[in-house]
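Engineer: This is the structure alone, sequence omitted:
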Ligand SMILES: Nc1ncnc2c1ncn2[C@@H]1O[C@H](COP(=O)(O)OP(=O)(O)OP(=O)(O)O)[C@@H](O)[C@H]1O
């Protein structure tokens, strides 16, 4: 008796996408189904650690692929953990991963994305089992969970539209068979997957690294018995292993090709693109492990999400233990993908135990160092010297590409990883008053510093345009002093952890009094002091008029063309960050800014003795706020005041 069930809405949606947008990359279904089969064997091996009876009489784990040209089926069979009827209903009818669910609804809402983009996007999540429907118009799954009786097997059938059927069957052998009934259409393009040669080629491409043997029926050349007729390849009953069947990371580096490294990455990450770089090492010493770490070329759409599970696949002595072992990397490196195989951890290690293990801490430190070294190498060769080797030239541009994708999260490291702060600081890149793109390193900046310059100057703003045109920059521009322009939300927070670089302090040009030190000559200093002295009575009146809005009003030399600007005290959060915090509904410190005025400006000069003093004072303040991207507290009052002066 079979029972009908409906797919969860998201599955139906995913299935629609799978069949409509992945046609350009059909063959990935082999990788996905073989990877599920291999996972099922990993799970069995893991559960059997405590219950060896689960192996029944078949301890040799393997995956078999059988082709039936007449029936037009391709069957992938594993003798792994298998599924009970309820598990088949739960796992093959719903999407458990909440990330994928969110993503599906986002994708559904974004009608702009074309089919190819959608294909690439869903590829990031791994469509998994459902990818079978790219080539099949019906899938039958027959399974029996290890430990259950033969009569407790299950058959799951679906045409990949709204529903699926489930019935109980007798299945003596443990594990799962996924039977794909290949799609029949005008071109019968799915037929190519009935060719053993084709399947072997795909396995070579995606699944060579799978540690289990993947077997297919051996084919042999048979001469024809009839005279004059040509011979042909015939399928024998014998199974042969068609993959290398050794975990890639356990092999020696020199025996692994670039293509193998890349396809291994694609297998574990579901990424369509090749990785940007990788590092593969066997670490010996007090903690022994193998690490294979990849930096992807593209950031996932939810990279910013600090709660997103990142992390590496953890193996202990080649036994798969868990995915997304986040304890193996700090959060700011959550984009790194790869594998760690430890020789020391206990096989029954849990996520909780990982957090406390000293070995894990040593592995995490080791992984962090490796990734930083990898990035440093990319950075070093980003712009190759003219006499660089071909190998070095191949690395050109990779760091810029990396930084554009992942620079923002790397910055989180300043606040998170104190031990590596200096190394991280060297990896940072910013736009500056001499470069619109984020290519200036702190070391480049230092090398270009003016004679007598004592600080690395920077400004934070919402946009590059706002940063570039900010009044606080005027004196720096006039004197030809470079200022770093920072426009990311994380910048100010991150820089609060980096007060100096290589012995030179970092100084926000919007915080504290401007002190150009030796960059200002004596005559300039004297003129400024005199101007301040002469301006004292006006200042006193200004302070009084603006006492509710400002902490202080003072004369400045940082302005050239603008009448006024707002600054905050050293060590306080900038006005811009305070606004961001408020917008995000978070508590922002309620400190008042300091208004700095330019005594040389016509508008400021006009203040003295003006009948409109009060209005002018408020306009000055509101304009300073507008100039840095803020809004007057009472915009209507501002407009009224300006208009009163205009008419
Ligand atoms: N061959 C199999 N043996 C046992 N269980 C399986 C098998 N194939 C799939 N499953 C079960 O079905 C679930 C869903 O599979 P699916 O491939 O859609 O997603 P996944 O494997 O969890 O995710 P991903 O493929 O992105 O890693 C699996 O988590 C597993 O529980």
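Structural biologist: Cool, the structure landed. What you see is a predicted model; the values in this text were computed from it and never measured. Numbers count the residues shown, from 1 in each chain.

Engineer: OK, now which residue of the stretch 201-350 of the chain is nearest to the ligand?
Structural biologist: Nearest residue of the stretch 201-350 of the chain to the ligand (C-beta to the nearest ligand atom) works out as residue 270 at 6.4 Å. All C-beta spots, glycine's among them, are computed from the backbone N, C-alpha and C.

Engineer: Count the neighbours of that residue for me.
Structural biologist: 19 (other C-beta atoms under 10 Å).

Engineer: Any residues of the stretch 51-200 of the chain in contact with the ligand? List them.
Structural biologist: When proximity is defined as C-beta under 6 Å from any ligand atom, the stretch 51-200 of the chain approaches the ligand at 78, 80, 81, 82, 83, 91, 92, 126, 128, 129, 130, 176.

Engineer: could these go into JSON lines alongside neighbour count?
Structural biologist: Formatted as JSON lines, these follow (neighbours: other C-beta atoms under 10 Å):
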{"residue": "78", "neighbour count": "27"}
{"residue": "80", "neighbour count": "26"}
{"residue": "81", "neighbour count": "24"}
{"residue": "82", "neighbour count": "28"}
{"residue": "83", "neighbour count": "24"}
{"residue": "91", "neighbour count": "16"}
{"residue": "92", "neighbour count": "23"}
{"residue": "126", "neighbour count": "21"}
{"residue": "128", "neighbour count": "21"}
{"residue": "129", "neighbour count": "17"}
{"residue": "130", "neighbour count": "24"}
{"residue": "176", "neighbour count": "28"}
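
Engineer: Select, from those residues, the two members most distant in space.
Structural biologist: Largest separation among these by C-beta to C-beta: 82 and 126, giving 21.0 Å.

Engineer: For the stretch 1-150 of the chain, which residue gets nearest to the ligand?
Structural biologist: residue 128 (2.3 Å).

Engineer: Tell me which residue of the chain is furthest from the middle?
Structural biologist: The outermost residue of the chain, judged against the average C-alpha position, is residue 227 (63.9 Å), by C-alpha atoms, centre = their mean.

Engineer: so where do the strands sit in the stretch 401-550 of the chain?
Structural biologist: 430-432, 435-440, 456-460, 484-486, 500-501, 504-508 (DSSP state E, counting those that start in this stretch).

Engineer: Mean neighbour count, distance to residue 219 and mean pLDDT added to those, as TSV?
Structural biologist: Shown next, in TSV, are the strands of the stretch 401-550 of the chain (neighbours: other C-beta atoms under 10 Å; distance: least, C-beta to C-beta, whole Å; pLDDT from 0 to 100):
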stretch	mean neighbour count	distance to residue 219	mean pLDDT
strand 430-432	21	60	96
strand 435-440	16	55	92
strand 456-460	24	66	93
strand 484-486	26	63	96
strand 500-501	16	64	95
strand 504-508	17	67	92
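
Engineer: just so I know, which of these lies nearest residue 565?
Structural biologist: Nearest of the strands of the stretch 401-550 of the chain (C-beta to C-beta): strand 456-460, 11.0 Å.

Engineer: Can you name the residues of this protein sitting close to the ligand?
Structural biologist: 32, 36-37, 40, 78, 80-83, 91-92, 126, 128-130, 176.

Engineer: Can you report phi and psi for the residue of the stretch 351-500 of the chain found nearest the ligand?
Structural biologist: Closest approach between the stretch 351-500 of the chain and the ligand, counting by C-beta to the nearest ligand atom: residue 351, at 17.2 Å. Dihedral pair for residue 351: phi -60, psi -40, per degrees, to the nearest 10.

Engineer: Any idea how many residues pack against it?
Structural biologist: 13.

Engineer: Setting aside sequence neighbours, what's the nearest residue to it?
Structural biologist: Distances taken as C-beta to C-beta, 6 or more residues apart in numbering place residue 322 nearest to residue 351, at 6.9 Å, with adjacent residues excluded.

Engineer: Am I right that the one you found falls within a strand?
Structural biologist: Yes. According to DSSP: H, G, I helix; E, B strand; the rest coil, the state of residue 322 is that of a strand.

Engineer: Around it, count how many other residues there are.
Structural biologist: A count of nearby residues for residue 322, using other C-beta under 10 Å, gives 18.

Engineer: and it, how far is that from residue 360?
Structural biologist: 12 Å (C-beta to C-beta, to the nearest Å).

Engineer: ok so, going back, make JSON lines from the residues of the stretch 51-200 of the chain next to the ligand and add pLDDT to it.
Structural biologist: Conversion of these to JSON lines gives the following (pLDDT from 0 to 100):
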{"residue": "78", "pLDDT": "98"}
{"residue": "80", "pLDDT": "96"}
{"residue": "81", "pLDDT": "97"}
{"residue": "82", "pLDDT": "97"}
{"residue": "83", "pLDDT": "97"}
{"residue": "91", "pLDDT": "92"}
{"residue": "92", "pLDDT": "92"}
{"residue": "126", "pLDDT": "58"}
{"residue": "128", "pLDDT": "81"}
{"residue": "129", "pLDDT": "90"}
{"residue": "130", "pLDDT": "88"}
{"residue": "176", "pLDDT": "98"}
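
Engineer: shouldn't the residue of the stretch 351-500 of the chain closest to the ligand be in contact with residue 327?
Structural biologist: Yes. Contact status for residue 351 versus residue 327: in contact at 7.4 Å, counting by C-beta atoms under 8 Å.

Engineer: State the next helix or strand along the chain beyond the helix or strand of the chain with the lowest mean pLDDT.
Structural biologist: Scoring the helices and strands of the chain by mean pLDDT, DSSP states H and E places helix 115-125 at the bottom, with a mean of 58. On the C-terminal side of helix 115-125, the nearest following helix or strand under DSSP states H and E is strand 136-144.

Engineer: the domain parsing of the protein - what is it?
Structural biologist: Per the record, the chain has its domains at 3-240, 249-380, 429-646, by automatic domain parsing.

Engineer: Just put these in CSV and tack on distance to residue 392.
Structural biologist: Shown next, in CSV, are these (distance: least, C-beta to C-beta, whole Å):
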stretch, distance to residue 392
domain 3-240, 28
domain 249-380, 9
domain 429-646, 18
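
Engineer: before we move on, back to that, quick check on the residue of the stretch 201-350 of the chain closest to the ligand: phi, psi?
Structural biologist: The phi/psi pair for residue 270 (degrees, to the nearest 10) is phi 60, psi 20.

Engineer: and what of residue 156?
Structural biologist: According to degrees, to the nearest 10, residue 156 has phi -120, psi 130.

Engineer: Go ahead and confirm it touches residue 165.
Structural biologist: Yes. If you go by C-beta under 8 Å, residue 156 and residue 165 touch, sitting 7.3 Å apart.

Engineer: Neighbour count: these two, which is higher?
Structural biologist: residue 156 (24 against 14).
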